Each structure stands twice: as structure tokens, then as C-alpha cells.
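Undergrad: no sequence on this one, just coordinates:
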């Protein structure tokens, strides 16, 4: 399993390296960047949902904290963007850690409701603090730079997110096949069995929740700087659902499923633009068909079909 | 001093008194059986001692230290292992990974080191994989070393649970109906396995309905009925106890 997993990583790196040479124009490069950003978030979320078996319907909220930290702190307080990004991640991590203890005493639909509520509260806070955040209209984000070099062109951004994605895939594969990762998967498979062998289940759930929240926050900051503008829509409920959908469609507990899910669901609305007013309907129909015929998600289903496992 | 001391242990679920004022003690190194009719409270007793349930009242001491109400993962750090009557196997993992999870507390569980794949951690993990394969051979699962857990038979999964428990290197192991649902050949194999475990110095406590197995293996037997202790003693003492005969065969027998 491990050898095959690392083989997949080489393919990902190869594709990422070749992609900018073959994309016909900047529209596709932009699309590739947004796919890669989503892929990193979905990887983190899949560790929580697919591997540890815990749901979060509020992850866009964490993304929003990162994005707005990168917008607000440099604009109003003159912070360096990198420092702001770190602060956003730290705030997110702290918030997730403090809230996770009570939240992870809950299970199933209660956990879903608690995380849903958390995401909505963050979104409301962003919308209401108009003096700082620009309210529903959003606000511009200063450019990201380091030592006089400013990240402005899409090419630069592409290499930054491609590197982040490669590292995330590598780290995820490593984590899954480690004592920590096995404990996560075990508490998903049988919570009581994992407890009696010594897994402190609440601690592990909290740890992976915090980690996936920090992933989302960091990518929120990246999105903010890349787009140059943030709006509260980034942090809204529908975005949370979209991220969970990417996990489920690509395949729960599948690293490469996360990538495929992020790529497909980022591209699909563009591909469906020809349907004009009906694109949302077409989008929903495709998701339903996927779930009916491939309830385990694309990658696990196809892997099982071709007898390779994951 | 006994390894495990249970004193007037009770648990009530609403009005149901599942275990009532049960007292007994288990010396280190023996095989101890808990028997009784269905619903006597045997599994509940296991759940109490291994921390899955919190007792309503009473005391549990391991090596003299009070452990009543401690969580299962705390008890694991004290060398208490168990298997389950209704299998608790992680079907989302391979067979050998299930065994490796048993060694959770013996491995480096650091998240950052794992994500960065530090050589110290992966080397230890590779050694553990070898040890887990050895444990699978020990319980007679050599042909499942490469298998997925969800492809294994019921009897094999029962033994996989034992291998997982052994990976903890426990002092005290609780086996909840290790022979239930097994065919006669498999039962004999599990019988041998329990004897091997006891010989290696692990104190074994088992719940079992197979009387032949119980009488063969056990140094001492505790009989429960309706949550109460009916009798306790060696196999011979228990067999002759009139209360036990009445409970098993009916009062007029």
C-alpha cells in the first residue's frame, strides 16, 4: 500500500510540474491554482472526515478566519502578510482547540450541528464587523511579498500552491501510515476498541480537528492574497458544504480521492456554464448520480474495480 | 497481594441492578473464569473492570491502586487488555494494522514526527510490523498477515482481537467469550492459545459458555446469576455447589 501511495505522489508532482507548460491560457492557470488550493483544504478535511470519521460542517469558517486575518491585519495594523497568515492560523488553531473539547463529546448529527453553528457564527461575525472587514461587500487584500519580492503573477502563485499541495500529499501519506494515523483510523473503525488499547480518543479527535482547521486557515490566507479581495461568501455555509462534497465525491479516507474531488468540483461549475440557468440543477444531478452509483466516492470505487485497493 | 481486587462492585442502569455487590480477587498468573447464565452480568462486569462503564458503587483495585471509574485508555497504560464478545475489529484497516494498533502505547505517537516521516519513527514502526506478524503467527493467523480485516472469517477475527490485545504486552487480559461461534477445531486452538498465554505469565480472565473449556483451563471460577455472586472457587468446588446446580439445571434437579 505504501509503495503505491508514494508512486501516486510522484505522479502528482509530475503533473504539477508539467501543467503550466501545457495550459493554453491564464484562465486555465487560474483554475489550476484554485483547484490546488481546494485540494489542500480537502486533504486536511478528509483526514478529519474520511480517516477519523468525524464530520465538520463549519470548515469554511476557519478558511474565513485565515482569509480575513490576511486582509485585516496588514490593512489596519500594517502587519507583514506572512505574520498575518501565521496569526490567522494561530487564532484558528486556538479557537478550534478550545471549542473542540466540548464539541467532540458529541457524535453524529449533534457534532454536525455544533460545527455548522460554529461556521455560521464566524460568518456572521465577519459580516457584522463592517468597520474592520468591509461587511458584506468584503475588502481588498494587500499583496503578499517577502524581502522586496512581491507575489503578483499567476505563475508565481501557481508554484507556491503546487509546492504546498505536494508537501501536503506527502505529509498526509506519512501520517496515515504512522502510529498517530492508525489511532485515527482505529477510532473511526471501533471507538471502544481503540480506547481499550490506550487511544485517548477525544485528544486524537481534537488534534486532527485543529490540524485540518489550520490547513483551511492557511489556504484561506493564500486565497485572500491570490484573489486580492475577500468577501464573507468565502466563509459561508455553502462553501463548507462544497468542501465536504469534494471529500465525499472524491472518496472518503482516500488521499488521491481528495485531489480528484477538489479538481472535479472546482472545474464542474465552469464546465456546466453552457447550461446557463440550469447549471445548478445539472451540478446537483451529477452529484446525486455519483452518490447513487459510487457511494464510496470516485477513487475508492475505481480502485476496487481495477483491483488495486488504495 | 492479589493482582486484582474487586470489592462490593455494583452498577445500576435505572432500576436494573446489572451487577450487585460482587466481590472477588484474582492472583497474578492464574486463569480465572467468570460463568453464569445469559444476562447474569458477566460482560457488564468486564465492562466495569476495563473502564467502559463507571461503577455505581464499590471498589476495584489493581496492584492495590484504586482503578474504579478510570477510562479504558488509562487502564491500558496499566497493562489491562481485553477482547469483545461482539467483535470490535477496525474493518477500515488491514489485519496486521489492527494488531499494530494494539501496540499504540508502545510506539511514538507524535503527529509532527509522523507527518515528516522521521527515520526513528519509521524504523520503530517497521520493527512493530515484524512483531505484529509474529503475534499473528502465535495466534494461528499466519495466512492472514497480508489480508484485509473485512475479508476474514469470524473465527479468524476472534483471534485477531487476541493478537491485538497481546500487542499491548498486557499483564492482565480479559477475554469475553473467546470460543463463541467457533467450530470444535477452532475451539481447541483457542484453548491451546489461552494456555500459551497463561504460560507466558499473563493473567487471563475469561467469560465463556463452553464448560469443557472452562473446566480444563481455569484455576478458579466465579459464578454469577442475576448480577450477584453465586459461588467462587476451583472447578471442583463450583461443580459441587448446590446453588450453581440449581441455577444451571433448575431448582428441582
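TA: Here it is on my side, so go on. Predicted model only: the values in this text are computed from it and were never measured. Residues are numbered from 1 along each chain as shown, chains lettered A, B, ... in the order given.

Undergrad: Okay, now the unreliable bits of the chain?
TA: With no chain named, the answer covers chain A. Residues of chain A meeting the criterion pLDDT under 70: A:1-2, A:147-148, A:307-310.

Undergrad: that answer is for a different chain, and I need it for chain B
TA: Within chain B, the stretches with pLDDT under 70 are B:250-253.

Undergrad: And the residue of it closest to chain A?
TA: Going by CB to the nearest CB, chain A is nearest to residue B:90 of chain B, at 2.6 Å. Just so you know, the C-beta spots here come from the backbone N, C-alpha and C atoms, and that holds for glycine as well.

Undergrad: how long is stretch B:162-178 from one end to the other?
TA: From its first residue to its last, stretch B:162-178 covers 8 Å (CA to CA, to the nearest Å).

Undergrad: Buried residues in that stretch, which are they?
TA: Going by neighbour count (16 or more other CB atoms under 10 Å in any protein chain shown), the buried part of stretch B:162-178 is B:162-168, B:170-178.

Undergrad: between the residues you listed, which is closest to residue A:136?
TA: Of all these, residue B:164 has the smallest distance to residue A:136: 53.7 Å, by CB to CB.

Undergrad: quick one, domains of chain B?
TA: Under the assignment automatic domain parsing, the domains of chain B span B:1-79+B:170-253, B:94-168.

Undergrad: out of these, deepest packed?
TA: Counting by mean count of other CB atoms under 10 Å in any protein chain shown, domain B:94-168 has the highest mean neighbour count of the domains of chain B, with a mean of 19.

Undergrad: Does chain A have contacts with that one?
TA: Yes. Domain B:94-168 is in contact with chain A by CB under 8 Å from any CB of the partner chain, via B:94, B:97-98, B:100-105, B:107-111, B:113-117, B:121-122, B:125, B:148, B:164-165, B:167-168.

Undergrad: ok, and the closest non-adjacent residue to the residue of chain B closest to chain A?
TA: residue A:189 (2.6 Å; CB to CB, 6 or more residues apart in numbering or on different chains).

Undergrad: ok, the residue nearest to the spatial centre of chain B - contacts?
TA: Nearest to the mean C-alpha position of chain B, by CA atoms, centre = their mean, lies residue B:174 at 2.0 Å. Listed by CB atoms under 8 Å, 6 or more residues apart in numbering or on different chains, the contact partners of residue B:174 are B:46, B:49-50, B:80-83, B:205-207.

Undergrad: export those to JSON lines and tack on distance to chain A and secondary structure?
TA: Output for the contacts of residue B:174, formatted as JSON lines (distance: CB to the nearest CB, whole Å; DSSP: H, G, I helix; E, B strand; the rest coil):
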{"residue": "B:46", "distance to chain A": "10", "secondary structure": "helix"}
{"residue": "B:49", "distance to chain A": "11", "secondary structure": "helix"}
{"residue": "B:50", "distance to chain A": "6", "secondary structure": "coil"}
{"residue": "B:80", "distance to chain A": "8", "secondary structure": "strand"}
{"residue": "B:81", "distance to chain A": "7", "secondary structure": "strand"}
{"residue": "B:82", "distance to chain A": "5", "secondary structure": "strand"}
{"residue": "B:83", "distance to chain A": "9", "secondary structure": "coil"}
{"residue": "B:205", "distance to chain A": "14", "secondary structure": "strand"}
{"residue": "B:206", "distance to chain A": "16", "secondary structure": "strand"}
{"residue": "B:207", "distance to chain A": "15", "secondary structure": "strand"}
